[in-house]
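[1] 3D, please:
(2 chains)
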Amino acid sequence: MDSLALALVLCILVTYLWRGAGVALAQRIDPAGAVFEWIGCVAYGLLAGLMARVMIFPVGLLAETSLITRGIAMVAGFLVFYWLNRHFAAGTLVAIVVFYGLLQMASL
Amino acid sequence: MLNSRQSVLSGMRAGLSLPPFMVFSAMLGFGSLAKSQDVSLLLTLLSAGGIYGMPGQVAMLEIYATGGTLLAILTGVAMANMRFLPMTIAMMPLYDEREPLYRWRYLFVHLMSINSWTYMLQKPDCAHPLNRFGFFVGFGTMCIAGGLAGATLGWFAAGSFSNEITLTLIFLNPAYFIFLFCTNRKANILCSIAIGAVLGPLFYLWSPDWGLPFCGLVAGTAGFWFCRRANTQQPSPGDRG
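    Have a look, this model is predicted:
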């Protein structure tokens, strides 16, 4: 087995541990209690942090684009999102159209 | 109430929608990235379906490509995917243990991704409480199938799409989730999201490995605490004289 395959198998196990531990711990938590509410807040806070990090300090292919391009696209999306009373599909659509347009302009 | 098969099928029907396409688009970029690093299709698909958490998948490839040790790879992947712990704890109480499929929860929890998690938490009424786990299994199956299809296409089509289209498909995923999260109406969740969005990049600069878990802990606790405090300080109608 090559080293990447071995690393991959171990990474699958490590990732599963978080999900499996979550199932085990969830059985001990009262869904109507404050701890459950707090964990929901932690999960959303973590995901929001992850998405903001991906936008500002992306890794992989997205790192080829500039922060200004990503920022302008998101600002345009948010303007439409709030203008249309928090319509997430419209906000997303405008953000990706602006992002694509800016990339096209930059490549000309 | 539906039987297990029907509840899974209802989830699969609901999965003919935007969330699996989001997984597809994200994994498309991953497939291209894997191909560019000479990773075989088999290992690409094993990674996409086995780890099934994009930050962890990318971390594994990047640490491996830079010659990192096995311990560095495992630590990087574990930290990048740690979010699955609070996500699972927050999701599992949605399901009823009397549902037949629930006994396989340790197996099917693997189908939880940010897409299926967000869908189930924001639309808990998508299925009867006694069918909800089956619904999740069907919906999650569609999401992971979308991811595998995306990774396959990305691997084969690496270099054949224009760079702008590939980048836009990758950008689509975080943009979609940012807007979707912002539709949440609960004050403590919105507060946690706002604090997390500010702290996430800052904590990442402090520690790429530990920054994200700490960000979730601080943002979630602050959001929870501020709103709880605001609620307890609000005068009840009887106090207004």
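
[2] check the gap between B:Leu153 and A:Phe57 for me.
    Per CB to CB, to the nearest Å, B:Leu153 is found 27 Å from A:Phe57. In this view, the C-beta of every residue, glycine as well, is placed from N, C-alpha and C.

[3] A:Ile96: which element?
    helix A:88-107 (DSSP states H and E).

[4] and that helix, what's buried?
    Judged by neighbour count using 16 or more other CB atoms under 10 Å in any protein chain shown, the buried positions of helix A:88-107 are A:88, A:90-96, A:98-103.

[5] next one: stretch A:56-69
    For stretch A:56-69, by 16+ other CB under 10 Å, it's A:56, A:58-62, A:65, A:69.

[6] do it and chain B meet at all?
    Yes: with CB under 8 Å from any CB of the partner chain as the criterion, chain B is reached by stretch A:56-69 at A:56-57, A:59-62, A:64-65.

[7] what's A:His87 in contact with, if anything?
    Contacts for A:His87 (CB atoms under 8 Å, 6 or more residues apart in numbering or on different chains) come out as A:80-81.

[8] can you check what pLDDT the model gives it?
    A:His87 carries a pLDDT value of 90.

[9] go on, B:Gly241?
    B:Gly241 is given a pLDDT of 38.

[10] the helix ranked longest in chain B and chain A, any residue contact?
    When chain B is scanned for its longest helix (criterion: DSSP state H), the result is helix B:132-156. No: Helix B:132-156 is not in contact with chain A by CB under 8 Å from any CB; minimum separation 10.2 Å.

[11] who does that helix touch, helix- and strand-wise?
    helix B:4-14, helix B:18-36, helix B:41-46, helix B:105-108, helix B:114-122 (3 or more CB pairs under 8 Å, 6 or more residues apart in numbering or on different chains; DSSP states H and E).

[12] mean pLDDT, mean neighbour count and distance to chain A for the ones you listed - can I get that in TSV?
    Shown next, in TSV, are the helices and strands packed on helix B:132-156 (pLDDT from 0 to 100; neighbours: other CB atoms under 10 Å in any protein chain shown; distance: least, CB to the nearest CB, whole Å):
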stretch	mean pLDDT	mean neighbour count	distance to chain A
helix B:4-14	91	18	16
helix B:18-36	88	24	5
helix B:41-46	96	17	6
helix B:105-108	96	16	6
helix B:114-122	90	22	6
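
[13] hang on, the earlier thing: filter the residues of stretch A:56-69 next to chain B down to the ones in helices?
    Using DSSP H, the residues of stretch A:56-69 next to chain B in helices are A:Ile56.

[14] closest to chain B out of the residues of stretch A:56-69 next to chain B?
    Distance to chain B, by CB to the nearest CB, is smallest for A:Ile56 among these, at 4.3 Å.

[15] spatially nearest residue to the closest one (excluding sequence neighbours)?
    B:Pro201 (4.3 Å; CB to CB, 6 or more residues apart in numbering or on different chains).

[16] for that neighbour, what are its contacts?
    A:49, A:52-53, A:56-57.

[17] again, only using 6 Å
    A:52-53, A:56-57 (CB atoms under 6 Å, 6 or more residues apart in numbering or on different chains).

[18] can you narrow the buried residues of helix A:88-107 to ones near chain B?
    A:88, A:91-92, A:95-96, A:99-100, A:103 (CB under 6 Å from any CB of the partner chain).
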